[in-house]
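> just coords:
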């Protein structure tokens with residue numbers, strides 16, 4: 001439980017979920033299962049970066065809509081499009097296959113299909129419009145980024161792996177303290193939103209639960225793509241909830 005070990009676990013989480021330079025972690029490196037508590041923490045640098053892009057674009061007179069699109073482009077670059085790929089694969093697999101085996105096969109295919117394209121277009125467009133409407137503060141950008149990654153942690157705890165390999169399997173762990181720590185971070189982020197945070201948190205919980213329900217029914221559990229899709233869908237839901245209460 002040393003501080004150095006927790007820092008190493010946070011670095012592993014950042015290496016997995018972003019393209020930020022984290023250097024080399026000394027052996028023995030923590031497992032993904034041990035590092036999963038830090039998934040919500042990844043939202044801190046991501047939220048800060050996209051806030052800086054959004055604020056900078058608005059300061060240059062580019063307008064809220066274009067600033068929102070540039071912020072989302074920055075988020076995709078920082079994360080390497082990891083969650084976007086998960087959303088597209090999730091949509092292709094869930095709606096493009098008729099059996100569990102076929103859905104998992106499609107989700108593992110690196111090519112994108114029509115369902116994936118439509119899902120990405122709709123989610124990104126709706127998110128950009130919502131951000132442009134809310135014109136979020138730094139606290140809102142960071143809180144939404146943190147909470148949407150806590151959704152991944154929640155599905156990891158709630159659903160069994162759909163495969164015997166992959167991120168959904170390797171990021172699981174038997175210890176429950178990971179969930180407690182991660183959700184504690186998420187709760188702190190929700191508090192930063194004030195009363196609006198309650199609405200956003202409830203809406204995100206519903207979105208994560210629906211994503212998990214669909215995944216459980218369609219493929220028997222969670223995969224890395226399911227986790228990525230949950231991040232994108234809960235983020236969209238949070239922005240929509242904040243529009244509703246603005």
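Good, I have the coordinates. Predicted model, so just to flag it, every value in this text is computed and none were measured. Numbering: from 1, shown residues only.
> thought residue 39 was touching residue 153?
Yes - using C-beta atoms under 8 Å, residue 39 is in contact with residue 153, at 5.0 Å. For glycine as for every other residue, the C-beta is placed from the backbone atoms N, C-alpha and C.
> Looking at the two, which is more packed in?
Neighbour totals were compared for residue 39 and residue 153, and residue 39 leads with 30 against 25 (other C-beta atoms under 10 Å).
> who's in contact with the more buried one?
13, 17, 149, 150, 152, 153, 182 (C-beta atoms under 8 Å, 6 or more residues apart in numbering).
> pLDDT-wise, which helix or strand of this structure ranks last?
Lowest by mean pLDDT, DSSP states H and E among the helices and strands of the chain is helix 167-170, with a mean of 54.
> Packing partners of the helix of greatest length in the chain?
The residue-count maximum for a helix in the chain (DSSP state H) belongs to helix 195-219. When contacts are defined as 3 or more C-beta pairs under 8 Å, 6 or more residues apart in numbering; DSSP states H and E, helix 195-219 sits against helix 82-96, helix 100-108, helix 138-158, helix 177-192, helix 224-245.
> Looking at those, which is nearest to residue 33?
helix 177-192 (7.6 Å; C-beta to C-beta).
> And for residue 76, nearest residue in space, chain neighbours not counted?
If the residues on either side of it in the chain are set aside, residue 76 comes closest to residue 84, at 5.9 Å by C-beta to C-beta, 6 or more residues apart in numbering.
> what sits against that neighbour?
Taking C-beta under 8 Å, 6+ apart, we find residue 84 in contact with 76, 120, 124, 228, 232.
> Try it again at 7 Å.
Residues near residue 84 by C-beta atoms under 7 Å, 6 or more residues apart in numbering: 76, 120, 232.
> need those residues in JSON lines with pLDDT, distance to residue 106 and neighbour count, can you?
Formatted as JSON lines, these follow (pLDDT from 0 to 100; distance: C-beta to C-beta, whole Å; neighbours: other C-beta atoms under 10 Å):
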{"residue": "76", "pLDDT": "96", "distance to residue 106": "22", "neighbour count": "16"}
{"residue": "120", "pLDDT": "97", "distance to residue 106": "16", "neighbour count": "18"}
{"residue": "232", "pLDDT": "97", "distance to residue 106": "18", "neighbour count": "25"}
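> Since that was my last question, I'll sign off now.
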